[in-house]
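> Need the 3D shape of this:
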Amino acid sequence: MKKPEWYTDAQDYWKNVPPTIDGMLGGFQAIDPIDVKGSLEFIKEYVEKGVITTEYACDCGAGIGRVTKNFLLQVPFAKVDLVEQTESFVEQAKASYLAKEIEQGKIGHVFCQGLQDFTPEEGKYDLIWCQWVLGHLTDEHFVDFFKRCIKGLKPNGLIGVKENNASKEALFDDEDSSVTRRNEELKKLFAEAGLRVIKEDVQKGLPAGLFAVRMYMLKPE
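From the prediction side, this is the model:
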């Protein structure tokens, strides 16, 4: 996992993935509405009770902007920044998939870089959302990334995570240079970064045979 080509192998893999919803979801386009419904239900209490304001969110590992368009802007956040390292995905988001939202002023910055290199602007975001992307970070970069994210939050800001969970032991995928961590391993890394899990839930309704998917709401200690 610490080999020098860990990140370049991942970049090479994603360069060959089509910039479509099906591409973003590994051939499982049909789970998009199920995923979005689960995320909206998960965050609902924090919005309705005014725990967080809904001015500005950041979508980390954004792809072409599926999560931004179908989830974050439906919360609704007034504006969303995107972080995505694959150039073809960024181009598709800007030119087509999010063109209308860009025109409406709902999209702030689109950062074309990996999370290992991303530093959020201090005190900017109500919510930083990371979905199906953290497996591409080494443990060290994972912790460092979240420490930087904490600084990027507004005083009452939160971090949301939605990731696959391995059941018995961490699983490494050499094809796309990723690791699927166990629930306990993810929570250990969150704690190392100075984050506390204030809510945890399992995504329901996914097809059999897929990894369990957990959502975590995280608050700085």
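
> give me every residue that touches the closest residue to P220 other than its chain neighbours.
Nearest non-adjacent residue to P220, counting by C-beta to C-beta, 6 or more residues apart in numbering: I150, 4.7 Å away. Quick note: C-beta positions are derived from backbone N, CA and C, even for glycine. Going by C-beta atoms under 8 Å, 6 or more residues apart in numbering, I150 touches I159, A193, G194, L195, P220.

> Could I get the buried residue list for the lengthiest strand in the chain?
Using DSSP state E to define each element, the chain has its longest strand at strand 153-165. Applying a neighbour-count criterion of 16 or more other C-beta atoms under 10 Å, one finds L153, K154, G157, L158, I159, G160, V161, K162, E163, N164, N165 buried in strand 153-165.

> Pull the contacting residues for the second one.
The reference is to K154. Each residue near K154 by C-beta under 8 Å, 6+ apart is listed here: T53, Y56, G123, K124, Y125, D126.

> Which of the three states applies to the closest residue to T119 other than its chain neighbours?
Excluding its sequence neighbours, the residue lying closest to T119 (C-beta to C-beta, 6+ apart) is R148, at 5.1 Å. What DSSP: H, G, I helix; E, B strand; the rest coil gives for R148 is helix.

> Which pLDDT value goes with R148?
With respect to pLDDT, R148 has a value of 99.

> Check K2 too.
K2 carries a pLDDT value of 59.

> Look up how far C112 lies from L25.
Noted for L25: a distance of 21 Å to C112, by C-beta to C-beta, to the nearest Å.

> I misspoke; the intended subject was F71.
F71 is 21 Å from C112, by C-beta to C-beta.

> and if you look at C130?
Plainly put, C130 is 17 Å away from C112 if you go by C-beta to C-beta.

> out of the two, which sits in the more crowded spot?
Using other C-beta atoms under 10 Å, the more surrounded residue of C130 and C112 is C130, with 26 against 14.

> Pick out the residue closest to the middle of the protein.
Centroid-nearest residue in the chain: C130, 2.0 Å away (criterion: C-alpha atoms, centre = their mean).
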